[in-house]
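J.: Sharing a model that was predicted from the sequence below.
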Amino acid sequence: MIRSGEESPALSDEQIEDARKLIGVWLRRDVHTPALYEEIALHDIRRWAQYSVGDDNPLFSEVDYAKRTPWGVVIAPPTFLYTIDSGIIAPGLPGIQWIFAGSSFENFLPVKVGDTITARARLIDVQEKSSRNVARYVDQVGEVLYTNQNDQLVCRYEGHIYRIPRKHSGGGFKFAVKDASEVPKPYKYTNEEIEAIAEGYRTEFRRGSSVLHWEDVTIGEHLPVVLKGPLTLVDIVGFYSGRRTVYNVMKLAFAERDRHPRNVYYSPARNVPMHPAAGHFDVEIAHEIGMPGAYDQGWQRINWAGHLLTNWAGDRGFVRKLEGRVTKPNLVGDLTKMQAEVTGKRKDKDEAIIEIRWWGDNQRGESNCDGKAEVRLPSRDTSISR
């Protein structure tokens, strides 16, 4: 077991080669969270939309409203499948911290109340990398295939998980703090800034039942902004509580530690064993991982991009592709301003597609996430069937 940060291993050539041997192998899916392939209830979708995303769109929560849409039933937000399978594909490299770096969804069908979704996952690449913030780390690229009860492929997902040595191994993030004096000062918002954020929430644009046609979209136009934050610990807990499954607790956590002893972090200050993901709440562990403070789950920002897109596309739009990466830590107290621009439009067989570039800036004007997306819209062209 890893008794403390001082015992955290560094990356070795042998470890990386062992990890590469797992490329192409279909993996068990009960290592990080339990795998539950049960019929999806309204509460599953509503909880994900409202708690994990922060989206009160009635398309994702209200039966009577959804009946009046072309779908006829409540459907899930475009990133809901995170809660069926987290997309964490990070086999091997024991004791090396994993960090969510980015992902891409290629959605073929909506997920609806009553569906039963199963997932198969495998590692498809292992890339050794370096950057100004980390001297040496590994990007494990994984693929997840989600199918429904009719054996239809609902989504192909590709995820990037960075494996980064912890601070005391000598190879962690370079923006980690060394002592309390280096902890970044929290950004203090003025009353006027808080009121502007509140007004942004009150006036958030959502197209809803109004129809946006492909023909009415102009390249270069910007989507209405969606605000997220300032991030609090409650927001992070909410993300976890909206998931179908989450990390084990109490007795179940100790049982998991027996099965996976290298996936444990022991606090030097308290000698308490805990899951490394506790760094999202616990500053001590965040520092050991290499973060300057408690930080969000990277999935949250991909969720927020989905929220931005569905607000703009309306009930008849469908997010066909969504890819993104997190580029800077999003710390407790940070505000993220989600923005997007139309970059192209095309017709593919029976689909009218809008191409979009999206990004998020924090309250300091720094970009902390970005990506691309494709949204299917209704068309006035009668040869387009969807």
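T.: Alright, I've got the coordinates. Note that the coordinates shown come from a computational prediction; the quantities given were computed from them, not determined experimentally.
J.: for this structure, which spans come out with low pLDDT?
T.: Counting by pLDDT under 70, the ranges of the chain that qualify are 1-8, 30-35, 167-184.
J.: show me where it has strands.
T.: With strands called from DSSP state E, the chain shows them at 97-107, 118-129, 137-147, 153-164, 226-228, 265-266, 273-274, 318-326, 336-348, 351-362, 367-376.
J.: Out of the ones you listed, which is the most enclosed?
T.: Comparing the strands of the chain by mean neighbour count (mean count of other Cβ atoms under 10 Å), strand 226-228 ranks first with a mean of 23. Where you see a C-beta, it was placed from the backbone N, CA and C, and this is true even at glycine.
J.: Identify all contacting residues around it.
T.: 54, 197, 200-201, 204, 300-301, 304, 307-308, 311, 335-338, 360 (Cβ atoms under 8 Å, 6 or more residues apart in numbering).
J.: Quick one: residues in contact with stretch 47-60.
T.: Applying Cβ under 8 Å, 6+ apart, the contact partners of stretch 47-60 are 45-46, 61, 65-66, 69, 71, 74-77, 79-80, 82-83, 206, 208, 228, 235, 238-239, 241-244, 300, 303-304, 306-307, 310-311, 315.
J.: Now which of those residues would you call buried?
T.: With neighbours counted by 16 or more other Cβ atoms under 10 Å, those contain buried members at 45-46, 61, 65-66, 69, 71, 74-77, 79-80, 82-83, 206, 228, 235, 238-239, 242-244, 300, 303-304, 306-307, 310-311, 315.
J.: Does anything pack onto the longest helix anywhere in the chain? Which helices or strands?
T.: As far as residue count goes, and with DSSP state H defining each element, the longest helix of the chain is helix 298-313. For helix 298-313, the contact count by 3 or more Cβ pairs under 8 Å, 6 or more residues apart in numbering; DSSP states H and E identifies strand 97-107, strand 226-228, helix 233-241, strand 318-326, strand 336-348, strand 351-362, strand 367-376 as packing neighbours.
J.: then that helix to PDB, C-alphas only?
T.: As requested, the backbone C-alpha atoms of helix 298-313 are provided in PDB (Å, rounded to 0.1, in the frame of the first residue of the first chain):
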ATOM      1  CA  GLY A 298     -13.000  17.500 -15.400                       C
ATOM      2  CA  TRP A 299     -16.200  15.900 -16.700                       C
ATOM      3  CA  GLN A 300     -18.100  18.800 -15.300                       C
ATOM      4  CA  ARG A 301     -16.700  21.200 -17.900                       C
ATOM      5  CA  ILE A 302     -17.600  18.800 -20.700                       C
ATOM      6  CA  ASN A 303     -21.100  18.600 -19.200                       C
ATOM      7  CA  TRP A 304     -21.300  22.400 -19.300                       C
ATOM      8  CA  ALA A 305     -20.400  22.400 -23.000                       C
ATOM      9  CA  GLY A 306     -23.300  20.000 -23.500                       C
ATOM     10  CA  HIS A 307     -25.600  22.400 -21.600                       C
ATOM     11  CA  LEU A 308     -24.400  25.300 -23.800                       C
ATOM     12  CA  LEU A 309     -25.200  23.400 -26.900                       C
ATOM     13  CA  THR A 310     -28.700  22.100 -25.900                       C
ATOM     14  CA  ASN A 311     -29.800  25.500 -24.700                       C
ATOM     15  CA  TRP A 312     -29.000  26.900 -28.200                       C
ATOM     16  CA  ALA A 313     -30.200  24.000 -30.300                       C
END
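J.: Please state the offset of it from the chain centre?
T.: Using Cα atoms, centre = their mean, to the nearest Å, we find the averaged C-alpha position of helix 298-313 to lie 10 Å away from the chain's own average C-alpha position.
J.: orientation of that helix relative to strand 97-107 in degrees?
T.: Going by axes from the mean of the first three to the mean of the last three Cα atoms, to 10 degrees, helix 298-313 is angled at 20 degrees with respect to strand 97-107.
J.: Okay, residue 112 and residue 136: tell me how far apart.
T.: From residue 112 over to residue 136 the distance is 44 Å, taken as Cβ to Cβ, to the nearest Å.
J.: Neighbour count for those two, which is higher?
T.: In this view residue 112 and residue 136 are compared by other Cβ atoms under 10 Å, and residue 112 has more residues nearby, 17 against 14.
J.: Quick one: residues contacting the more buried one.
T.: Contact analysis of residue 112 by Cβ under 8 Å, 6+ apart lists 40, 71, 73, 74, 75, 76.
J.: can you rerun that using 6 Å?
T.: Under the criterion of Cβ atoms under 6 Å, 6 or more residues apart in numbering, the contact list for residue 112 reads 73, 75.
J.: Isn't residue 333 up against residue 186?
T.: Yes - using Cβ atoms under 6 Å, residue 333 is in contact with residue 186, at 5.1 Å.
J.: what about these two, which has more around it?
T.: Neighbour totals were compared for residue 333 and residue 186, and residue 333 leads with 18 against 12 (other Cβ under 10 Å).
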